[in-house]
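Student: Whatever this is, show me its structure:
(one chain, ligands or ions: 1)
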Amino acid sequence: MLELYHSINSVCAQKVRIALHEKGLTAKDHIMTLRGDQFDPAYLKLNPGGVVPTLMHGGVPIIESALILYYLDDAFPEPPLMPKAPSQRHRVRLYNKLIDEYVHNSCMILTFATAFRPAFLKMTREAWQAEISKSPLKRRAEYKRSVIEHGLDSEFVTEAIALHGKLLSWMTDSLQQGWPYLAGETFSNADCAVIPYILRLELLKLGGLWDRHPTVAAWWERMRERPSVKATIFDRMSETDWAPFKNLAPDPWPKVQTLLKAA
Ligand SMILES: N[C@@H](CCC(=O)N[C@@H](CS)C(=O)NCC(=O)O)C(=O)O
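Tutor: Below you'll find the predicted structure:
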């Protein structure tokens, strides 16, 4: 039996939900709020970083979203989400590595600097500092502290935007080969991994970042119509999940454009 500890808006969980759906698998839901429940001692035993997702398979915790994607393909090979050609398999892994090393953190920086910031600013400084300091990932708490305090004026924002730009350039490079998907002729774990980050940029009203990347725009139009994406992301988002992205104030796009011009 499969169980998934996750939250609806978690980008890392979204990629795993897409892969599960593509493989026709279902997992028992354990929905987390990520407002402290990720640091419960019982959960930390499953996932010592205090992050989602955690996939339980036969009672064994499988962690790290990119590795969960590979695990699912090993444990449930049909339909495959890895291409056959070694160079395309390498490309899938490159996307996941770029995301793990840079894009995920950059996404967190942009999200907390904008959509998630107001909820923290309603709390006392001591209260939000105490909440984010509970994370075993100390560097992460530092990024959050900076963007909650300074929003898009945080010193970390310019690089976060540039790293999303790198992802978009990679995508253009893949798609200019004439492939419909990021790692070849078939939908793969590269697409599963990237979709949530493109969705997040759109939710943060930063879709203008791919104005210069028409093949990315066309890919995204196809991906958002995919049954797995509809079922596991759009159909699952409740009013509460949409709320942080509605009425973003201030609109992040003018500030991001200014930072892009200055870079
Ligand atoms: N490298 C991890 C990162 C997981 C991660 O950062 N998850 C976020 C949600 S997308 C989380 O649980 N955040 C809670 C926190 O920052 O305290 C993975 O890919 O699974």
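
Student: From the rest of the structure, what touches stretch 239-252?
Tutor: 8-9, 110, 113-116, 118-119, 152, 203-206 (C-beta atoms under 8 Å, 6 or more residues apart in numbering). For glycine as for every other residue, the C-beta is placed from the backbone atoms N, C-alpha and C.

Student: Show me which residues of the stretch 1-150 of the chain are close to the ligand?
Tutor: Counting by C-beta under 6 Å from any ligand atom, the stretch 1-150 of the chain comes close to the ligand at 10-12, 34, 38, 50-52, 64-66, 100, 104, 135, 140.

Student: returning to that earlier point: any quick PyMOL command for the buried ones out of the contacts of stretch 239-252?
Tutor: A single PyMOL command is used to select the members of the contacts of stretch 239-252 judged buried by 16 or more other C-beta atoms under 10 Å:
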select buried, resi 8+9+110+113+114+115+116+152+203+204+205+206
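
Student: In helices, which of the contacts of stretch 239-252 fall?
Tutor: 110, 113, 118, 119, 203 (DSSP state H).

Student: pretty sure the second one contacts residue 144?
Tutor: Read that as residue 113. No. Residue 113 is beyond contact range of residue 144, at 9.5 Å (criterion: C-beta atoms under 8 Å).

Student: And for the spatially closest residue to residue 110 that is not a sequence neighbour, the neighbour number?
Tutor: Once flanking residues are discounted, residue 110 sits nearest to residue 160: 5.4 Å by C-beta to C-beta, 6 or more residues apart in numbering. Neighbour count for residue 160, taken as other C-beta atoms under 10 Å: 25.

Student: Tell me who's in contact with residue 160.
Tutor: 105, 106, 107, 109, 110.

Student: now the helices: where do they sit in the stretch 1-150 of the chain?
Tutor: 11-22, 41-46, 65-75, 86-98, 104-113, 117-121, 125-133, 138-150 (DSSP state H, counting those that start in this stretch).

Student: tell me what the fifth one is packed against?
Tutor: Spelled out, that is helix 104-113. When contacts are defined as 3 or more C-beta pairs under 8 Å, 6 or more residues apart in numbering; DSSP states H and E, helix 104-113 packs onto helix 11-22, helix 138-150, helix 157-175, helix 189-203.
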